[in-house]
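S.K.: Dropping a prediction and its sequence here:
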Amino acid sequence: MSDVAIGKKAPAFKLPDADGNAVDIKDYNGKKIILYFYPKDMTSGCTQEACDFQEAFPKFDKIKAVVLGISKDSVQSHKKFAEKFGLKFRLLSDEKSDVCERYGVWKEKSMYGRKYMGIERTTFIIDEDGKIQKIFPRVKVKGHVEEILKELEG
């Protein structure tokens, strides 16, 4: 179980990106990080969310905030997803769901009466000191990126 909470240090991790390069969250010390967990590449909600982040990318860049997306999809899946939609931010592969579990987003879900384990769409804003500034649980895609920008700019 996760003990992730506002004001606490964000759990450290190192995961491969869409090009297979290891990305360590510590590489972003001194920067604000928007860390968003999403269920699956190429699905409608996840595609919309990624495209919304991409559209707002210049705004995040302007305020020196880094966007990182994490799902259980493979490096190859992330590469296809990023190329198809022109995503300029990094997508990280957590195939074993270790990081998802550390952040408390790997949960039992239910669809059509069937229970299964999956990622609960969640976004974390991590401050320049590596502490969790804000958590957006059970994210609804529509309007979410604007909500994050408002939080960062306000």
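M.R.: Yep, it's here. Residues are numbered from 1 along each chain as shown.
S.K.: Return the helix or strand in this protein with minimum mean pLDDT.
M.R.: strand 106-111 (a mean of 87; mean pLDDT, DSSP states H and E).
S.K.: same for it, what does it pack against?
M.R.: With contacts defined as 3 or more C-beta pairs under 8 Å, 6 or more residues apart in numbering; DSSP states H and E, the packing partners of strand 106-111 are strand 114-119. Yep, even glycine has a C-beta here, placed from its N, CA and C like the rest.
S.K.: ranges for the strands of the chain?
M.R.: Taking DSSP state E as the test, the strands found in the chain are 14-16, 22-24, 32-37, 65-71, 90-93, 106-111, 114-119, 122-126, 132-136.
S.K.: May I have the residues that are in contact with the residue nearest the centre of the chain?
M.R.: Compute the mean C-alpha point of the chain, and by C-alpha atoms, centre = their mean the closest residue is Tyr36, 1.8 Å away. By C-beta atoms under 8 Å, 6 or more residues apart in numbering, the residues touching Tyr36 are 49, 53, 67-70, 121-124, 139.
S.K.: quick one: low-confidence ranges for this protein?
M.R.: When residues are selected by pLDDT under 70, those of the chain lie in 1-2.
S.K.: swap the cut-off to 80 and go again
M.R.: Scanning the chain for pLDDT under 80 picks out the ranges 1-3, 154.
S.K.: For the residue sitting furthest away from the middle of it, give me its contacts.
M.R.: Distance from the C-alpha centroid of the chain, by C-alpha atoms, centre = their mean, peaks at Gly113 (27.3 Å). The contact partners of Gly113, by C-beta under 8 Å, 6+ apart, come to none.
S.K.: and if you look at Arg90?
M.R.: Per C-beta under 8 Å, 6+ apart, neighbours of Arg90: 17-18, 23, 67-69.
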